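Participant: Turn this into a model:
(2 chains)
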Amino acid sequence: MSKILVTSALPYANGHIHLGHLVEYIQTDIWVRFQKLSGRRAIYLCADDTHGTAIMIRARKEGRTEEALIGEMSQAHQRDFAGFDVAFDHFGSTHSDANRKLCGELWQALRSAGRVVEREVTQLFDPQAGVFLADRFVKGTCPRCGTPDQYGDSCEKCGSTYSAVELVNPVSTLSGARPEVRSAQHLFVTLEPLHDFLTGWTQTPGRLQPEIANYIAGHFLAEPLRDWDVSRPAPYFGFEIPDAPGQYWYVWFDAPIGYMASTQEWCEKHGEKLEDWWKDPDTRVVHFIGKDITYFHTLFWPSMLRAAGYNLPDRIQVHGFLNMRGEKLSKSKGTLVSARGYLDAGLDPQQLRYFYATKLSARVEDIDLNPEELSAKVNSDLVGKVVNLASRSARFLEKTGLSAEYPDDGGLFRAAVEAGTEIRDAYEVFDFARAMRVIMALADRANEYVDRMEPWKLKKDPARAKDVQDVSSVVLNLFRQIVVYLTPVLPRLAEATEKLLGAPIKSLDDANAPLTGTPVAAFSHLMERMDPKKFEALVVPEPTPVADAPTEPADDGAALAAEPLAPECTIDDFTKVDLRVARVVAAEPVPEAKKLLRLTLSLGGGVTRNVFAGIKAAYDPEQLVGRLVVMVANLAPRQMRFGLSEGMVVAAGPGDKEVFVLAPDAGAKPGQRVH
RNA sequence: GCCAAAGUAGCUCAGCUGGUUAGAGCACGCGCUUCAUAAGCGUGGGGUCGUCGGUUCAAGUCCGACCUUUGGCACCA
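Facilitator: Numbers count the residues shown, from 1 in each chain, chains lettered A, B, ... in the order given. This next block holds a predicted model:
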């Protein structure tokens, strides 16, 4: 029998699960439950992603071992997932024996295939701590957007990636020292030998969503694939590379292998073999991931698997991000609501599952959570329509049970059986929103039926007791049918329905035949309405340290905290930098650039400099002309796409619209040096 | 600027390979109902389907150009 192996991306052990993470785990869980309820053999595997510098730094700060940190986080993650009914068959850890062994095996395979090369890498080195600084050990100003206090690999603000060596004003987070540039040997995995294979593999219809396949083709496959740096020098929290002492596998090397390690552990518990899941052509491997990690999963991961002769993913299902009220989740706005916070507020996890289901399609679109919409949708659909059907019928049947024969319902039950085809199809192709729409239409038909039959009128006439039983039996069966279809999304409602009717729900086929002649338990509410205030209370903006009142000087230290002082320098260091007063004689936007103004600066006596400055968002060119500014006059010229930049205008602020060009007081003359 | 995606009722969206007067939910107006967790049912208003042009007997649906939005990339020495 064919098997399906499903994974969600591994959550990083550096933080707690929030509502944004849950989109993926709930999406995956719904799909896996659907597969299982369809009688397919499926397992859902995941693990904590535990390695890397961030974990090491955090453990150091907290004064404990990495193992203690990741152990605690794993417990918290699993508790949160369980709270949302995300039912992994196994949840492992990348810091496991199974993973270490598999990493070794894949590594050997890459070595044997001649795909590992060694090369010198220039990296930042901390002279005080005596170690090379991995990206997460160094902070500085983003070389792209100018945001201070960013790590060495990418900028949180503008999302660009760069090398740590490019950081402006880099500072070691270990010692506070200014790092120097040194070189070390690194190990790389070559990808270019698999270029043609990857082109074919990623462009196979059904493998990736079309927009993802296009993205990969356009961004990576159009030119030679670059080698992938997979080693990091000590100190590093991870696995030491067996044949390269002092070198560790980069966290992104061992993380996806964690999918296999988790499978391995599951197999050991269930007397199965890893090969039957990862080498058997009858197994479909399906990865659910967020759009941010597309390239690891579509280029690196398949090329690793192929080298070692394992199954390649059959499908990589990419989802977008969660926004709240149309904006990115953010700590400062309080919209980064934790999974735990949601549960502790007494909100119903099923309701979030349902809401996500109504929003999720096969597309890579961001989904928006609007708190008003959340409660309106849940209350109207689940409570007002679906659960209401049970409220409207079950009480009439507590004494009599369901009718011995299924009454004539005008074809409603039959029609809903037929709708099952479309519902199954929609689940299968990840279009949960469509499945939910079809199911809710069934609930509408059922409510109309109740209205038409008016059982409350029949009830008044003792002679028509049988009619009351029949009508209620129809309604309760229609309700159960809907619940069966919703079981992948709402497992708890399914359980409660099993108890109410004394009949198990083990398969979507349980929707195909009505129950007859069976007892109905005493009815109690199956779902609470969502109180929008409870959710609102979770969205608590962090108090902003920046004062809004323009009259009050905001000398609150926020800027200093964001960008700590650079290491001490000597007067000689300072005098190397030749700062001069200059007058802006011309300023114009660079039309092809988003952030640049072209400035012509006069140093007096006819000496002018052409400077490109990233201040377009903050200044209109006209208001700059005639102004005095301070420039770095002896900076090495830099060739840019738009021309030669011969200096730098001195300015403060984090970037974007918050840029403040320094100006000398009146009386200063162009060409004067700043001492 | 380049690449990608998207622009359909106030809001969130559905409209498959082109085919009757463009749909749903929420919200709003009116009416009915009371079995049900102020739930339910009926009914009404509301859209030049981003703009312009083209293909076609027929276009929200195909083609082209443009506009707007959102990502990503380049650019901030």
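
Participant: which regions of the stretch 501-650 of chain A sit below the pLDDT cut-off?
Facilitator: Flagging of the stretch 501-650 of chain A using pLDDT under 70 yields the residue ranges A:541-567, A:591-594, A:639-643.

Participant: where exactly do the strands run in it?
Facilitator: A:579-589, A:597-602, A:608-613, A:628-632, A:638-640, A:643-645, A:648-649 (DSSP state E, counting those that start in this stretch).

Participant: before we move on, what about the stretch 301-450 of chain A?
Facilitator: Remark: strands assigned in the stretch 301-450 of chain A by DSSP E, counting those that start in this stretch are A:315-319, A:322-324, A:327-328, A:367-369.

Participant: Who does residue A:327 form a beta bridge with?
Facilitator: The bridge-partner assignment for residue A:327, based on DSSP bridges, gives residue A:324.

Participant: The residue in chain A positioned nearest to RNA strand B - how many residues pack around it?
Facilitator: When you check chain A against RNA strand B by C-beta to the nearest atom of the strand, the closest residue turns out to be residue A:614, at 2.2 Å. C-beta here means a position set from N, CA and C on the backbone, and glycine is covered the same way. By other C-beta atoms under 10 Å, 20 other residues sit near residue A:614.

Participant: Can you read off the backbone torsions of residue A:204?
Facilitator: Recorded main-chain torsions at residue A:204 are phi -70, psi 130, according to degrees, to the nearest 10.

Participant: Reformat the strands of the stretch 301-450 of chain A as TSV; add distance to RNA strand B, mean pLDDT and mean neighbour count.
Facilitator: Compiled in TSV, those are given as follows (distance: least, C-beta to the nearest atom of the strand, whole Å; pLDDT from 0 to 100; neighbours: other C-beta atoms under 10 Å):
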stretch	distance to RNA strand B	mean pLDDT	mean neighbour count
strand A:315-319	11	90	21
strand A:322-324	9	85	20
strand A:327-328	7	77	12
strand A:367-369	5	86	19
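
Participant: As a markdown table, the ones you listed with distance to residue A:487 would be great.
Facilitator: Shown next, in a markdown table, are these (distance: least, C-beta to C-beta, whole Å):
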| stretch | distance to residue A:487 |
| --- | --- |
| strand A:315-319 | 21 |
| strand A:322-324 | 24 |
| strand A:327-328 | 33 |
| strand A:367-369 | 22 |
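
Participant: For the stretch 251-400 of chain A, just list every one of the helices.
Facilitator: In the stretch 251-400 of chain A, helices defined by DSSP state H, counting those that start in this stretch lie at A:251-270, A:275-278, A:294-295, A:301-308, A:339-344, A:349-359, A:371-377, A:388-397, listed in chain order.

Participant: And the strands of the stretch 501-650 of chain A: which comes nearest residue A:274?
Facilitator: Closest to residue A:274 of the strands of the stretch 501-650 of chain A is strand A:638-640 (C-beta to C-beta; 52.5 Å).

Participant: mind giving me the domain split of chain A?
Facilitator: In terms of domains, chain A is parsed into A:3-103+A:248-319, A:117-189, A:348-361+A:368-512, A:569-661 (source: automatic domain parsing).

Participant: Lowest mean pLDDT across those, which one is that?
Facilitator: Averaged per stretch, pLDDT over the domains of chain A is lowest on domain A:117-189, reaching a mean of 72.

Participant: Any idea how far apart the tips of it sit?
Facilitator: Domain A:117-189 has an end-to-end distance of 6 Å (criterion: C-alpha to C-alpha, to the nearest Å).
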